[in-house]
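Student: sequence and predicted model, in that order:
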Amino acid sequence: MRQFILLVLAMFVSTIFIHAQMDLKLVSTENVGISTERLERMELVMSEMVEAGKISGIEMAIMRKGQLAYHSVYGKRDIASNQDLEKNDLWRIYSMTKPIVSVGLMMLYEEGKFQLNDPLHYYIPEFKEMSVYKGNKKSEPAENHIRVIDILRHTSGLGYGWSGGFVDTLYYQSRENGIKNTKEFVQNITKIPLYQEPGTGWQYGVSTDVCGYLIEVLSGMPLDKYLKSKIFDPLQMGDTFFEVPDDKDDRLVTNYTYKDGQLVPIDHPTNSNYTKEVTFFSGGGGLVSSTSDYLKFCQMLLNGGELNNRRLLGRKTVELMTMDHTKGIPYARGPVVLPMNGNGFGLGFSMVNDVADSGIIGSKGIYGWGGAAGTVFRIDPEEELIYIMMIQLMPYNHLQAREKFQTLVYQSIIE
């Protein structure tokens with residue numbers, strides 16, 4: 001196994017990475033201060049998860065100082081058909097959609113379309129008369145209005161219906177018959193009481209889906225067309241979309257769960273909603289993407305809003321988005337607990353405020369997010385570093401794959 005790993009790493013160092021949408025060369029890791037020998041640990045640890053049948057496949061990439069230092073795949077795209085995973089296969093990135101949509105909304109902010117402290121109902125009137133749940137199936141009119149900043153930082157009082165209670169049943173009922181489009185989605189959720197007063201607690205939820213609808217209202221464009229024209233086309237992200245094109249269906253990785261000691265498919269390309277007609281463009285979790293495409297998005301952010309002479313955001317806007325906007329705002333409820341352990345939340349991303357409190361190797365100022373099937377990205381401005389891991393497993397937390405990946409990335413840095 002050791003000889004195989006060394007051979008693979010040697011190939012990575014010497015091979016030019018060629019892809020229609022990526023014009024970057026795979027460089028020697030030592031040229032950007034990363035140890036090839038130490039990266040061998042990453043290959044051993046992460047590939048063992050595949051060999052042990054814990055995940056079907058994994059794709060990992062590291063960029064440092066603007067150069068692609070590492071890019072590997074291991075495992076299967078689909079186990080039943082024995083299809084090998086290939087670089088830049090397509091992944092359901094779920095909540096890694098949120099940072100993209102947040103960037104899209106902040107591009108409109110830069111055009112003067114709104115201010116962060118504006119009440120949301122200025123632009124979406126349905127949010128003007130909201131109520132807050134008070135227990136015993138009773139609610140009262142909200143004292144605070146939801147502001148635009150609240151839907152960017154998850155302090156709106158909206159949730160996902162995951163907390164286990166009366167309001168959760170209303171969320172479930174609102175989705176029973178499916179959702180046709182973003183407007184219908186907003187009409188449904190504005191009839192549901194908020195979990196808490198806007199601005200008073202952090203709760204992960206559908207806020208970024210509302211950001212997607214706000215983009216449509218302010219731009220006059222459907223969310224899919226807006227993201228394509230304003231972000232995907234300028235960054236040459238040709239493999240990122242809400243609906244997988246027919247000629248790319250065969251690149252979509254099967255999504256799995258773990259049941260009775262083995263991996264069982266829960267979303268296969270042949271019957272996936274992502275390969276059917278999509279009319280509800282979920283700003284909170286609806287995109288499919290490739291590792292190369294997401295690297296471009298990350299590099300644009302690390303560059304302060306610009307990539308390949310195409311500027312999407314101003315440097316000061318990126319700085320604002322990656323500041324902690326949850327100071328003084330406590331965790332409210334739900335399975336995602338923030339702020340906590342040295343981590344806060346900005347406008348579309350979590351970020352590390354205190355490395356010691358976070359309990360994992362890294363840097364102050366790291367920001368990023370992840371998806372429901374285990375995908376994750378992080379950007380470290382201090383180290384000029386981007387790292388991405390793609391897997392498709394729900395749930396995934398028991399593996400601690402993200403934590404292991406981050407540890408193995410940082411231990412490989414030698415200068």
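Tutor: Looks like it arrived, so ask away.

Student: please enumerate the strands of the stretch 251-400 of the chain.
Tutor: Listed in chain order, the strands of the stretch 251-400 of the chain (DSSP state E, counting those that start in this stretch) span 255-259, 262-267, 288-289, 306-307, 310-311, 343-345, 350-352, 367-370, 376-380, 385-390.

Student: please identify which of those is closest to Tyr274.
Tutor: The closest of the strands of the stretch 251-400 of the chain to Tyr274 is strand 288-289. By C-beta to C-beta, the value is 5.4 Å. In this view, the C-beta of every residue, glycine as well, is placed from N, C-alpha and C.

Student: residue closest to the middle of this protein?
Tutor: The residue lying closest to the centre of the chain (C-alpha atoms, centre = their mean) is Met96, at 1.3 Å.

Student: how far away is it from Thr326?
Tutor: Using C-beta to C-beta, to the nearest Å, one obtains 20 Å as the distance from Met96 to Thr326.

Student: next, the angle from the longest strand along the chain to strand 255-259.
Tutor: If you go by DSSP state E, the chain has its longest strand at strand 67-78. If you take axes from the mean of the first three to the mean of the last three C-alpha atoms, to 10 degrees, strand 67-78 sits at 60 degrees to strand 255-259.

Student: what lies in contact with strand 67-78?
Tutor: 8, 12, 17, 24-27, 29, 31-32, 34, 39, 43, 46-47, 50, 55-63, 82-87, 89, 251, 253-254, 265, 268-269, 291, 295 (C-beta atoms under 8 Å, 6 or more residues apart in numbering).

Student: how about stretch 209-226?
Tutor: With C-beta under 8 Å, 6+ apart as the test, stretch 209-226 has contacts from 101-102, 104-105, 108, 113-114, 120, 123-124, 148, 151-152, 156, 158, 182-183, 185-186, 189, 229, 241-243, 278, 281-284.

Student: where does the stretch 1-150 of the chain dip in pLDDT?
Tutor: For the stretch 1-150 of the chain, the stretches with pLDDT under 70 are 1-24.

Student: now do the strands in it.
Tutor: 57-64, 67-78, 83-84, 91-92, 131-135, 138-141.

Student: for stretch 68-78, C-alpha coordinates in CSV please.
Tutor: Below are the C-alpha coordinates for stretch 68-78, written out as CSV (Å, rounded to 0.1, in the frame of the first residue of the first chain):
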residue,chain,number,x,y,z
LEU,A,68,-3.2,23.5,-7.2
ALA,A,69,-0.9,21.5,-4.9
TYR,A,70,-3.0,18.4,-4.5
HIS,A,71,-6.0,16.7,-6.1
SER,A,72,-6.9,13.1,-5.7
VAL,A,73,-9.9,10.7,-6.0
TYR,A,74,-10.3,7.3,-4.4
GLY,A,75,-13.2,4.8,-4.6
LYS,A,76,-16.3,4.4,-6.7
ARG,A,77,-18.8,6.8,-8.3
ASP,A,78,-21.4,4.0,-8.0
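
Student: and the helices in the stretch 101-250 of the chain?
Tutor: Along the stretch 101-250 of the chain, the segments classed as helices by DSSP state H, counting those that start in this stretch run 148-153, 166-175, 182-189, 207-219, 223-227.

Student: contact partners for Ile93?
Tutor: Per C-beta under 8 Å, 6+ apart, neighbours of Ile93: 287-289, 294, 371, 375, 390.

Student: let me fix that: Arg41
Tutor: Arg41 neighbours (C-beta under 8 Å, 6+ apart): 408, 411-412.

Student: same check on Val264?
Tutor: Listed by C-beta under 8 Å, 6+ apart, the contact set of Val264 reads 256-258.
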